[in-house]
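Novice: Here is a sequence with its predicted model. Questions after.
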Amino acid sequence: MEIELRVSQEEFKQIKQNKKEIEKRFYRLDELENTLKALKLRYLSKHRDRLKKKLDEMEHNYEDLLNFEKRAMDDKEFLLKIRHQLSKENYELRQQLEVNSYENRDKT
């Protein structure tokens, strides 16, 4: 379907001028889109860098936590051994005290 329009010379000049303005706007729009893409890429890059830094920090903290947990378990095991030794020594000292107590009663 074709449509034919008849316009005067002045209207034709105005249409041409408007066409040039519209083309300039589209060109500026393309530039703006390119700028927007560049800014978006820059933002995403910075955001990615920030997230990578945070991930590295979290990995480091996790390693520290695992090391702390291992030390805590080692310390717990060590303290349980000491507790066992103290309990054993306490038992032996009580036995000796009872023997000494019986010996002192016999002497009196």
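Specialist: Structure's in. What do you need?

Novice: Counting neighbours, what do you get for E23?
Specialist: Using other CB atoms under 10 Å, E23 has 10 neighbouring residues. C-beta coordinates here come from the backbone N, C-alpha and C atoms, glycine included.

Novice: List the contacts of it.
Specialist: For E23, the contact set (CB atoms under 8 Å, 6 or more residues apart in numbering) is empty.

Novice: how close does it sit to N100?
Specialist: Distance from E23 to N100, counting by CB to CB, to the nearest Å: 112 Å.

Novice: for the protein, which spans come out with low pLDDT?
Specialist: 106-108 (pLDDT under 70).

Novice: tell me the helices in it, going along the chain?
Specialist: Secondary structure of the chain by DSSP state H: the helices cover 9-107.

Novice: Could you check how many residues crowd around I82?
Specialist: 10.

Novice: Also K13?
Specialist: 11.

Novice: list the contacts for it?
Specialist: Applying CB under 8 Å, 6+ apart, no residues contact K13.

Novice: cutoff 10 Å now
Specialist: V7 (CB atoms under 10 Å, 6 or more residues apart in numbering).

Novice: For K20, see how far away it is.
Specialist: 11 Å.

Novice: same thing with Q9?
Specialist: 17 Å.

Novice: who has more neighbours, those two?
Specialist: K20 (10 against 7).

Novice: residues in contact with the more buried one?
Specialist: Per CB under 10 Å, 6+ apart, neighbours of K20: none.

Novice: now it: how far from E77?
Specialist: Distance, K20 to E77, using CB to CB: 85 Å.

Novice: Likewise for I15?
Specialist: 90 Å.

Novice: What is the neighbour count of V99?
Specialist: Based on other CB under 10 Å, the number of other residues close to V99 is 10.
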